[in-house]
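Enquirer: Build me a model:
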Amino acid sequence: MAEPEPLRFDMTLPDGQPLRWDMGPEFTWDGKVPARSYQNQHTPMQQNDLSIVITSQQEADIIAAADALIAKIAAFAMTITDDQRAGYFKLSDQRLPFHEKCRDYMHQQAATVPGTIDLTEYDKEQAAWDALGRIIAKVNTILQPLVDTQTVAGADMLNADLFYYNYLPLAAKAGTAGAEDIHSDLKASYPGRGPTTPKPATKKP
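Expert: Okay, the predicted model is just below:
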């Protein structure tokens, strides 16, 4: 077995995997490469958690169905600007108990309601709010599996990207034309590399 080597940022482990920040607890700062990383080091496998084909017809059918849904929603829905969205007072989960108490009091104690409040319009808003909540909950059950599937597809591709990136130095050492230049170009956008900000100068006492 190979002698354990120090862990380094941006390294490829002996089993072919790129070193990532979220690996197991045996990967520690200033630590050594764990022994298990030397096992099966000649047969690295890329991640392949998803293997599907979405046909052009399936995509077209789903988009057509979505267009039909959008048309139905457009019959009553509003579109507001980012500034308007930021300016509206949100009826969040934290504020819902306050709203519910106000609603109950206004309906139970009519004498306490000022003339500037139209309870008929208020009740229309409540009915719309309730209906929208049910619609949004149902639409989310459609959207979430799509988002989850795209997440897995992206993770599979990024895993292969990292294998490729970390293989390039080996290819460069073997004399493969272009490998070193490609690695240098990719290094600038390597995932997880945060922006480098110059440290402020320290004033001497």
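Enquirer: what sits up against stretch 130-143?
Expert: Residues from elsewhere that reach stretch 130-143 (C-beta atoms under 8 Å, 6 or more residues apart in numbering): Ile73. Backbone N, C-alpha and C define where each C-beta goes, glycine included.
Enquirer: go on, stretch 74-86?
Expert: Tyr88, Ala128.
Enquirer: what does the average pLDDT come to for that stretch?
Expert: Per-residue pLDDT values across stretch 74-86 average out to 95.
Enquirer: pull the CA atoms of it into CSV?
Expert: Backbone C-alpha positions of stretch 74-86 (Å, rounded to 0.1, in the frame of the first residue of the first chain) are rendered in CSV as follows:
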residue,chain,number,x,y,z
ALA,A,74,-53.8,34.5,-16.1
ALA,A,75,-57.5,34.8,-15.9
PHE,A,76,-57.2,36.1,-12.3
ALA,A,77,-53.5,36.4,-11.4
MET,A,78,-51.4,39.5,-11.0
THR,A,79,-47.8,40.2,-12.0
ILE,A,80,-45.9,42.7,-9.9
THR,A,81,-42.5,44.3,-10.1
ASP,A,82,-39.6,43.4,-7.9
ASP,A,83,-40.0,46.8,-6.1
GLN,A,84,-43.7,46.2,-5.6
ARG,A,85,-42.9,42.7,-4.3
ALA,A,86,-40.4,44.1,-1.8
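Enquirer: after the helix or strand harbouring Lys72, next one along is what?
Expert: According to DSSP states H and E, Lys72 maps onto helix 56-74. The helix or strand immediately downstream of helix 56-74 is helix 82-87, counting by DSSP H and E.
Enquirer: how does this structure divide up, domain by domain?
Expert: Here the domain parsing of the chain from automatic domain parsing is 1-45, 56-160.
Enquirer: so how far is the longest one off the chain centroid?
Expert: What it means is domain 56-160. Offset of domain 56-160 from its chain centre (C-alpha atoms, centre = their mean, to the nearest Å): 21 Å.
Enquirer: What pLDDT is listed against Met45?
Expert: Reading off the model, Met45 has pLDDT 70.
Enquirer: which residues touch Leu168?
Expert: Ala179, Glu180, Ile182, His183, Leu186.
Enquirer: if we can go back for a sec, pick the most deeply packed of the domains of the chain.
Expert: Mean neighbour counts were compared across these using mean count of other C-beta atoms under 10 Å; the top stretch is domain 1-45, at a mean of 13.
Enquirer: Give me the below-cutoff pLDDT ranges for this protein.
Expert: Scanning the chain for pLDDT under 70 picks out 1-4, 7, 9-10, 13-17, 19-30, 33-44, 192-205.
Enquirer: and the residue minimising distance to the centre of it, what element?
Expert: Nearest to the mean C-alpha position of the chain, by C-alpha atoms, centre = their mean, lies Thr151 at 7.4 Å. Using DSSP H and E, Thr151 maps to helix 119-173.
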